[in-house]
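Trainee: have a look at this fold, sequence not included:
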């Protein structure tokens with residue numbers, strides 16, 4: 001129960017913080033420089049160009065319409081995960097736009113595109129990271145996906161491209177180009193935030209002295225090891241490969257250790273973004289039955 005409450009609180013805080021950061025990006029960098037963007041904000045910017053009004057109010061109206069559509073087509077469970085973003089984002093946007101000098105942070109559209117894209121990606125990433133949704137045109141893409149059963153990514157690109165295309169009719173070529181740049185930066189930052197975690201190094205070691213390597217890694221490097229049954233390609237010889245995940249700081253030590261055991265060992269080294277499970281996000285001995293005293297080990 002305590003874990004569930006903690007997880008729910010973390011989700012709510014990340015959604016609120018993510019939407020606040022998203023509002024800062026739009027209010028401080030995107031809108032002041034007329035940079036085109038996707039999502040419900042892009043739809044609102046298009047409407048606001050032809051019908052003069054309050055941007056945050058238009059965003060709220062667009063979000064509510066999409067939210068109702070999503071509730072009808074996708075169900076109540078989906079509605080609960082998007083309700084917070086649907087309501088709080090327009091509120092945060094109106095607050096940000098009311099801050100004196102917020103639109104004057106930079107008069108350089110290049111800087112606005114780079115910072116706007118990065119901050120947008122950070123805000124969206126925080127929301128997506130906890131399994132929630134920012135709502136907006138994501139809902140439309142999900143509805144189309146349910147109706148036509150075509151890959152979701154295809155509809156996301158179609159919807160976003162359509163929103164960008166609508167703004168292209170009243171935007172300069174520079175604004176369009178900077179909008180594309182901001183979208184690229186947003187995507188890069190979004191991926192970084194979603195995958196953000198405890199960066200580690202994964203090694204896969206192929207050597208005839210696999211037992212000796214395993215013992216050295218376990219005892220001297222103090223790292224976990226998984227033995228993988230393999231067959232060599234040239235000699236079709238059955239043996240085992242050594243798979244282990246270590247912190248970056250241990251890479252030099254384990255390389256030296258392997259070279260001492262077998263200088264001819266074949267090693268692949270891969271950077272991985274996040275590791276979960278025993279030895280990393282929980283104690284190494286979690287879930288392992290403890291041996292009784294006096295029993296043979």
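Mentor: Cool, got the structure. Treat the numbers as computed from the prediction; the structure is a model and nothing was measured.

Trainee: ranges for the strands of the stretch 51-200 of the chain?
Mentor: Counting by DSSP state E, counting those that start in this stretch, one finds strands in the stretch 51-200 of the chain at the ranges 200-206.

Trainee: what does the strand or helix carrying residue 258 rub up against?
Mentor: Taking DSSP states H and E as the criterion, residue 258 maps to helix 251-261. Helix 251-261 is contacted by residues 201, 203, 205, 207, 209, 212-213, 216-217, 220-221, 223, 244, 246, 265, 267, 269 when judged by Cβ atoms under 8 Å, 6 or more residues apart in numbering. In short, each C-beta sits where N, CA and C put it, glycine included.

Trainee: may I see the buried residues of that helix?
Mentor: For helix 251-261, burial by neighbour count (16 or more other Cβ atoms under 10 Å) applies to 254, 258, 261.

Trainee: can you check stretch 208-217 too?
Mentor: Neighbour-count burial for stretch 208-217 flags 209-210, 213-214, 216-217 (criterion: 16+ other Cβ under 10 Å).

Trainee: next: stretch 194-207.
Mentor: Residues 194, 200-201, 203-207 are the ones in stretch 194-207 that count as buried (16+ other Cβ under 10 Å).

Trainee: same question for stretch 236-247.
Mentor: Quick answer for stretch 236-247 (16+ other Cβ under 10 Å): 239-242, 244-246.

Trainee: for those, which one is nearest residue 178?
Mentor: When these are compared for distance to residue 178 (Cβ to Cβ), residue 245 comes out closest, at 40.7 Å.

Trainee: can you tell me the element the closest one falls in?
Mentor: Under the criterion of DSSP H and E, residue 245 resides in strand 238-246.

Trainee: quick one: average pLDDT of that strand?
Mentor: The pLDDT scores in strand 238-246 average 92.

Trainee: please name every helix or strand in contact with it.
Mentor: Contacts defined by 3 or more Cβ pairs under 8 Å, 6 or more residues apart in numbering; DSSP states H and E place strand 238-246 against strand 200-206, helix 210-216, strand 226-231.

Trainee: show the contacting residues for the residue nearest the centre of the chain.
Mentor: Ranked by distance to the mean C-alpha position of the chain (Cα atoms, centre = their mean), the top residue is residue 194 at 1.8 Å. Going by Cβ under 8 Å, 6+ apart, residue 194 touches 125, 128-129.

Trainee: how is the chain divided into domains?
Mentor: In terms of domains, the chain is parsed into 2-194, 200-272 (source: automatic domain parsing).

Trainee: buried residues in stretch 120-137?
Mentor: Neighbour-count burial for stretch 120-137 flags 120-130, 132-137 (criterion: 16+ other Cβ under 10 Å).

Trainee: okay, how far is it across that stretch, tip to tip?
Mentor: In terms of Cα to Cα, to the nearest Å, the two terminal residues of stretch 120-137 are separated by 15 Å.

Trainee: ditto for stretch 24-39
Mentor: End-to-end span of stretch 24-39 (Cα to Cα): 15 Å.

Trainee: give me the contact list for it.
Mentor: By Cβ under 8 Å, 6+ apart, stretch 24-39 touches 41-42, 45, 55, 93, 96-97, 99, 102-106, 109, 112-113, 115-116, 119-120, 123, 134, 136-138, 159-160, 163-164, 167-168, 171-172, 175-176, 178-179, 182-183.

Trainee: tell me, how many residues neighbour the closest residue to residue 218 other than its chain neighbours?
Mentor: Take residue 218 and drop its neighbours on the chain: the residue closest to it by Cβ to Cβ, 6 or more residues apart in numbering is residue 225, 5.7 Å away. Using other Cβ atoms under 10 Å, the number of residues around residue 225 comes to 18.

Trainee: now do the contacts for residue 225.
Mentor: Counting by Cβ under 8 Å, 6+ apart, residue 225 makes contact with 214, 217-218, 242-244.

Trainee: okay if I get those as a markdown table plus distance to residue 145?
Mentor: Putting the contacts of residue 225 into a markdown table (distance: Cβ to Cβ, whole Å) gives the following:
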| residue | distance to residue 145 |
| --- | --- |
| 214 | 46 |
| 217 | 45 |
| 218 | 47 |
| 242 | 42 |
| 243 | 36 |
| 244 | 40 |
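
Trainee: closest to residue 21 out of those?
Mentor: Ranked by distance to residue 21 (Cβ to Cβ), the contacts of residue 225 are led by residue 244 at 37.0 Å.

Trainee: my guess is the closest one contacts residue 226, does it?
Mentor: Yes - applying Cβ atoms under 8 Å as the test, residue 244 and residue 226 come out as touching, 7.1 Å apart.

Trainee: re earlier: pick out the shakiest of the domains of the chain, pLDDT-wise.
Mentor: Lowest mean pLDDT within the domains of the chain: domain 2-194, a mean of 86.
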